[in-house]
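Peer 1: coordinates only, sequence not included:
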C-alpha cells in the first residue's frame with residue numbers, strides 16, 4: 001500500500017505535465033488544421049458554383065473560367081498512377097516481407113526506399129522530364145506525369161505496406177501453414193486482409209501526394225487546359241491538374257478575379273481529396289469483405 005501511494009506521489013506531477021503537453025499539442029494541431037481548411041473554404045466556397053465546376057477554362061474568354069478540364073486531368077493522373085503503382089508497391093512489399101531472405105540486400109533496399117521518400121519532388125520532375133518526356137519521347141503529357149508520380153509514391157506505398165505486413169502476428173501465418181494451407185494462400189487469405197488498414201493508409205497517402213504535387217507535374221504533365229475529347233489522345237497531351245491550375249492562377253493575381261479563381265480551385269481541391277479518400281475507404285472495405 002505504501003509503495004503504491006509513494007509511486008502515485010512521485011509520478012502524478014510528471015503524468016499531469018505530460019498529459020497537458022499532449023493535449024496542448026493535439027489542440028494546436030487541430031486548431032491549425034481547422035483554421036487552414038476553414039480559411040480556404042470561407043474564401044473559396046462562394047465561387048464554387050455548378051458553372052465553375054462544369055465549364056472549360058479559357059485565358060482569353062472571361063466567361064469561361066471553369067475548372068472542369070483540370071478536374072478530369074487530376075482524375076486521370078490519380079487513377080492511372082494508382083493502377084500502375086499500387087500493384088507494383090504491394091507486390092514489392094509482399095516479396096520483401098514474405099519471400100526475400102532477410103539480409104544485407106533487403107536492408108539496402110529498405111534504406112534506399114526511405115532515402116527516395118525524402119527526395120524533393122522537383123528532382124523527380126527533372127528525372128521524369130529527361131527520361132519519359134525526352135528519352136521515351138512521350139513529350140510533356142499526362143502519361144509522362146503519371147509515370148513520374150508512380151516513382152514518387154512507390155516508396156511510400158512500399159514502406160507503409162511493409163510495416164503493415166510485418167505487424168501481422170506470426171501465429172496467424174504459422175497456424176494456417178500448420179493446417180496445410182499453401183504459402184500464397186496464407187498471404188492472400190490471412191496476412192494481406194489483416195494488413196489491409198495499413199494498405200489503405202498507404203493508398204490515401206499516395207492519393208494526397210498525387211493530388212498535392214505541383215513541381216514534378218510542372219515538368220512532365222505541363223499546363224495545358226484543353227477539354228478532353230478522347231481518352232488515349234488526351235493522356236498523350238499536356239494537361240494541368242487542379243494544383244497546377246491553382247499555382248498558375250495565383251501567379252496572375254494582378255488580373256481580375258484571379259485570386260477568386262485560385263480560392264475556388266483550392267476549395268474544389270479539398271472537396272475532391274475528401275471524396276477520393278472516402279471512395280478509397282469504401283473500395284478497400286468491399287475488397288476486405290470479399
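Peer 2: Good, I have the coordinates. Just so it is clear, the model here is predicted, and its values are computed rather than measured.
Peer 1: which intervals of the stretch 1-150 of the chain have sub-threshold pLDDT?
Peer 2: Applying pLDDT under 70 to the stretch 1-150 of the chain flags residues 1-11.
Peer 1: just to confirm, which helix or strand has the closest residue to residue 226 other than its chain neighbours in it?
Peer 2: Spatial nearest neighbour of residue 226, chain neighbours left out: residue 69 (6.5 Å); criterion: Cβ to Cβ, 6 or more residues apart in numbering. From N, CA and C alone the C-beta is placed, and that goes for glycine too. For residue 69, the host element (DSSP states H and E) is helix 68-94.
Peer 1: and the angle from the helix or strand following that helix to helix 68-94?
Peer 2: Downstream of helix 68-94, the next assigned helix or strand under DSSP H and E is helix 104-117. Angle of helix 104-117 versus helix 68-94, following axes from the mean of the first three to the mean of the last three Cα atoms, to 10 degrees, is 160 degrees.
Peer 1: Buried ones in helix 104-117, by neighbour count?
Peer 2: For helix 104-117, the neighbour count (16 or more other Cβ atoms under 10 Å) marks 113, 116 as buried.
Peer 1: roughly how far is that helix from the heart of the chain?
Peer 2: 21 Å (Cα atoms, centre = their mean, to the nearest Å).
Peer 1: From what I see, the residue nearest to residue 226 and residue 241 are in contact.
Peer 2: No - contact criterion Cβ atoms under 8 Å: residue 69 and residue 241 do not qualify, at 10.1 Å.
Peer 1: Show me which of those two is the more surrounded one.
Peer 2: Each of residue 69 and residue 241 has its neighbours counted (other Cβ atoms under 10 Å); residue 241 has more, 30 against 20.
Peer 1: who are the neighbours in contact with the more buried one?
Peer 2: Residues near residue 241 by Cβ atoms under 8 Å, 6 or more residues apart in numbering: 70, 73-74, 77, 211, 213-214, 217, 221.
Peer 1: so what's it closest to, chain neighbours aside?
Peer 2: residue 74 (4.4 Å).
Peer 1: Count the residues that sit near that neighbour.
Peer 2: Residue 74: 26 neighbours (other Cβ under 10 Å).
Peer 1: Return the residues in contact with it.
Peer 2: 211, 241-243, 272.
Peer 1: Among these, which one has the most neighbours?
Peer 2: residue 241 (30 neighbours).
Peer 1: okay, residue 255: pLDDT?
Peer 2: With respect to pLDDT, residue 255 scores 62.
Peer 1: Show me which residues of stretch 47-55 are buried.
Peer 2: So for stretch 47-55, counting by 16+ other Cβ under 10 Å, buried means 47-48, 52-53, 55.
Peer 1: which helices and strands sit right next to the top helix by length along the chain?
Peer 2: Longest helix of the chain, by residue count under DSSP state H: helix 2-44. Secondary-structure packing of helix 2-44 (3 or more Cβ pairs under 8 Å, 6 or more residues apart in numbering; DSSP states H and E): helix 258-289.
Peer 1: mean confidence for the helix it packs on?
Peer 2: 82.
Peer 1: got the contact list for residue 121?
Peer 2: With Cβ under 8 Å, 6+ apart, residue 121 has these contacts: 152, 213, 215-216.
Peer 1: Now with 10 Å, please.
Peer 2: 128, 148-149, 152, 209, 212-219 (Cβ atoms under 10 Å, 6 or more residues apart in numbering).
Peer 1: Am I right that residue 208 is in contact with residue 276?
Peer 2: Yes - here residue 208 reaches residue 276: they are 8.8 Å apart, a contact under Cβ atoms under 10 Å.
Peer 1: These two: which has the busier surroundings?
Peer 2: Neighbour count, other Cβ under 10 Å: between residue 208 and residue 276, residue 276 has more, with 21 against 15.
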